[in-house]
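Trainee: A predicted structure for the sequence below; I have some questions about it.
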Amino acid sequence: MEISELPGPRRLPLVGNLPALFARGTPHRVFQEWGARYGTTYRMRMPGRDAVVTSEPEMIETILRERPDSFRRFSLVSDLIRELGAHGLFDAEGEDWRRLRRVATRGLSARYIRASFGTITRAADRLRDRWRTQTSVDVVEEMLSYTLEVSVGLTMGHELRDDDRLRGHLKEVFNTLGRRIASPVPYWRWVRLPADRRADEAIAAARSLITEKYVDARRRMLDGEEPADFLTALAKADVDGEDPLNLDDVVGNVLTLVVAGEDTTAGMISWVLHCLAAHPQAQERIRAEATAPITAPSALAALRYTEAVVHETMRLYPPTPYFPFEPVADTTIAGLRIPRGTPLWIMMTHGADKDREFRPERWLDGNPMEGRQPYLPFGSGPRFCPGRSLALMEATLMAATLCRAFVVEPDPSAGPVGEKVTFAVFPTNLRLRLSPVKRAVEDPALRA
Ligand code: HEM
C-alpha cells in the first residue's frame with residue numbers, strides 16, 4: 001500500500017495540515033480526533049511532504065526497535081536542536097549516537113543518581129518550606145523550578161539559587177525550541193528577531209558555565225577525587241582514557257539532559273499533584289505509607305502506592321504522547337511503503353487513557369497495560385529514555401514530601417484546568433490550596 005492511499009484530513013495548499021495541528025496548542029488532541037476519524041494509521045500533509053501518523057502496535061514496535069540503523073529521529077527536530085547549539089544524545093544518529101549513549105549511560109548510572117539524592121531531597125524540602133508560607137500555589141512554575149534544580153544539580157553538581165542567571169538562560173532555550181518546532185517557516189535562518197538573539201546569548205552563557213564546571217571537574221579527577229555526578233563521571237572516564245571526550249560532547253550532553261529532563265518531568269509532576277488534589281483518599285494512602293522523612297533512595301522502594309499514583313497519572317496524562325521519527329532508507333512496514341525521510345508520528349500511549357477512572361491500585365501488581373495498548377511514556381528499544389528512573393524518583397519523592405506536609409485541594413480561582421503543549425503536555429490554570437497536615441503540626445517529630 002502507498003501513503004497516498006491512506007485516509008487523512010483535508011489539507012491546505014503549501015502548509016498542509018500543520019496549522020490545524022498546532023492551532024489550539026494541543027496537537028495531541030488533534031491527533032486523537034483524526035485517529036478517531038481516519039483509523040489507527042493515516043496520512044497528514046506537512047509543508048512539502050506527506051507524513052504518516054500511527055498508533056498501530058506493530059508499526060510502533062518496529063520503528064522504536066530498529067534504531068539507529070533503520071529509523072532515526074525526525075530530522076527537522078534534530079536540525080533545530082543542532083542549530084540552537086545543543087547537539088547531544090537526543091538528536092545524535094548512527095555511530096555518533098552509539099558513542100554519546102555510552103557516555104550518557106555512564107553518567108546517569110544508578111550510582112550517580114543515588115549520589116545526587118541529597119540534591120533532589122534538598123530541592124524538594126526547599127519547595128515544601130516555601131509552600132509552608134503560602135496558601136495557594138502556582139504548581140507548574142514551582143515544578144519547573146524543582147526539576148531544573150534537580151537536573152542542574154545532577155548533571156553539573158551546581159546548586160541553583162533563586163536568582164541564578166542560568167535559570168533565565170535555560171528558559172530562553174526551552175521557549176525558543178518550542179516556538180521553532182511549532183513554526184511553519186524557519187524564519188530565523190534569514191531574520192534574527194530579538195527573541196532569537198536572546199536565545200543565542202543564553203546558549204553562549206550556558207556553554208561557558210558548563211565548560212568552566214567541566215574544566216574544574218577534570219582537574220579534581222586528575223587530583224584523584226571520586227566522581228559524584230554526571231559531569232565528574234564524564235571527566236573521570238576522559239582522564240582514565242576510557243571514553244575520551246571533546247568539550248562539545250560534554251556541553252551538548254549536559255544541555256540535552258537538562259532540556260530533555262526539565263519540561264517533561266515538571267509537566268508530569270504537575271499532573272500528579274492535580275490528580276492528588278482531586279482524590280483526597282489517595283493523599284491519605286500516601287501519608288499512611290510515607291511515615292518517615294525520605295532521606296535515602298532505598299526509602300523510596302517502600303513507597304509502592306505513591307509510585308503507583310505517578311504511573312496512573314502518566315496513563316491519564318501522558319507527558320509526551322507522540323514522537324516523530326523517519327526511515328533512513330525506503331522501507332515497508334506492515335505492508336505500507338514508506339519512502340526515506342517521510343515523517344512518521346507515533347502515538348506513545350494511544351488509547352491507554354480510554355478508561356478515565358483514577359485507580360492507582362491497578363499498578364500495584366505490575367503494568368496493567370502489558371499486552372493491551374502500546375503504553376510507552378518513556379519510549380522503548382535502544383533509545384528509550386535514560387532519565388526514566390530519575391523522573392520516577394523525583395515524582396515519587398515530591399508526591400510523598402508534599403502529602404506528608406499538606407492537605408492539597410484544587411484552587412478554582414485561576415479558572416478551569418486546561419492543557420498546553422511545549423516540549424511536554426502541561427496543565428494550565430493549575431493552582432492548589434494547601435493546609436498543613438494536622439498530625440505534622442501536633443507532632444514535632446513529623447514536621448520534617
Ligand atoms: C516524565 C519525565 C520524562 C518523560 C515522559 C520522558 C520521555 C522520553 C521519551 C518518550 C523519549 C524518547 C524515547 C525513544 O525515542 O524511544 C525520551 C528520550 C530521552 N530522554 Fe526522557 N523523559 C522524561 C525525563 C527525562 C529526564 C529526567 C532526562 C534526563 C536526565 C531525560 C533524558 C532523555 C534523553 C537524553 C533522551 C534521548 C535518548 C536517546 O535518544 O538515546 N528524560 N524521553
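Mentor: Received it, and whenever you're ready, just let me know what you need. Numbering: from 1, shown residues only.

Trainee: Isn't P47 up against N17?
Mentor: No - P47 is beyond contact range of N17, at 10.0 Å (criterion: Cβ atoms under 8 Å). All C-beta atoms are positioned from the backbone trio N, CA, C, and that covers glycine.

Trainee: Which one of those two is surrounded by more residues?
Mentor: Neighbours were counted for P47 and for N17 using other Cβ atoms under 10 Å; N17 has more, 21 against 12.

Trainee: Could you pull up the residues touching that one?
Mentor: By Cβ atoms under 8 Å, 6 or more residues apart in numbering, N17 lies in contact with 8-9, 11, 44-46.

Trainee: Report pLDDT for the residue nearest to it when sequence neighbours are not counted.
Mentor: Leaving aside its chain neighbours, N17 sits nearest to M44 (4.4 Å; criterion: Cβ to Cβ, 6 or more residues apart in numbering). Predicted confidence (pLDDT) at M44: the value is 97.

Trainee: got it, and C385?
Mentor: With respect to pLDDT, C385 scores 95.

Trainee: Enumerate every residue touching the closest residue to it other than its chain neighbours.
Mentor: Once flanking residues are discounted, C385 sits nearest to F378: 3.9 Å by Cβ to Cβ, 6+ apart. By Cβ under 8 Å, 6+ apart, the contact set of F378 is 384-385, 388, 391.

Trainee: same deal with S435?
Mentor: 135, 406-407, 409.

Trainee: which one among these gets closest to the ligand?
Mentor: Distance to the ligand across the contacts of S435 (Cβ to the nearest ligand atom) is lowest for F406, with 22.4 Å.

Trainee: Quick check: phi and psi on the closest one?
Mentor: Main-chain dihedrals, F406, degrees, to the nearest 10: phi -130, psi 150.

Trainee: Mind jotting down where the strands sit in the stretch 1-150 of the chain?
Mentor: Counting by DSSP state E, counting those that start in this stretch, the stretch 1-150 of the chain has strands at residues 41-46, 49-54, 71-73, 136-138.

Trainee: Out of those strands, flag the one nearest K438.
Mentor: Judged by Cβ to Cβ, the one of those that comes nearest to K438 is strand 136-138, at 19.3 Å.

Trainee: circling back to that earlier point, which one of the contacts of S435 has the most neighbours?
Mentor: Using other Cβ under 10 Å as the neighbour test, the contacts of S435 are led by F406, with 21 neighbours.

Trainee: Does that residue touch K438 like I think?
Mentor: No - assessed by Cβ under 8 Å, F406 is found out of contact with K438, at 10.8 Å.

Trainee: Now do the helix or strand hosting E201: distance to the chain's middle.
Mentor: Element membership for E201, per DSSP states H and E: helix 194-222. In terms of Cα atoms, centre = their mean, to the nearest Å, the gap separating the centre of helix 194-222 from the centre of its chain is 22 Å.

Trainee: contacts for the helix or strand that comes right after it?
Mentor: Next helix or strand after helix 194-222 toward the C-terminus (DSSP H and E): helix 230-239. Residues from elsewhere that reach helix 230-239, judged by Cβ under 8 Å, 6+ apart: 103, 106-109, 112, 154-157, 210, 213-214, 217-218, 220-222, 225, 227, 243-245, 250, 253-254, 257.

Trainee: sorry, back to before: between the contacts of F378, which has the most around it?
Mentor: Using other Cβ under 10 Å as the neighbour test, those are led by A391, with 24 neighbours.

Trainee: check which helix or strand covers that one.
Mentor: helix 388-405.

Trainee: what's the answer for R433, then?
Mentor: Assigned by DSSP H and E, R433 belongs to strand 431-436.

Trainee: Name all residues that make contact with R82.
Mentor: By Cβ under 8 Å, 6+ apart, the contact list for R82 reads D91.

Trainee: Find the closest residue to the ligand in the stretch 101-250 of the chain.
Mentor: For the stretch 101-250 of the chain, Cβ to the nearest ligand atom, closest residue to the ligand: R101, 5.1 Å.

Trainee: related to what we said a few turns ago, give me the subset of the contacts of helix 230-239 touching the ligand.
Mentor: Checked against the ligand using Cβ under 6 Å from any ligand atom, the contacts of helix 230-239 yield the following neighbours: L257.

Trainee: Now restrict the contacts of helix 230-239 to buried residues only.
Mentor: Buried subset of these (neighbour count, 16 or more other Cβ atoms under 10 Å): 103, 106-108, 112, 154-157, 210, 213-214, 217-218, 220-221, 227, 243, 245, 250, 253-254, 257.
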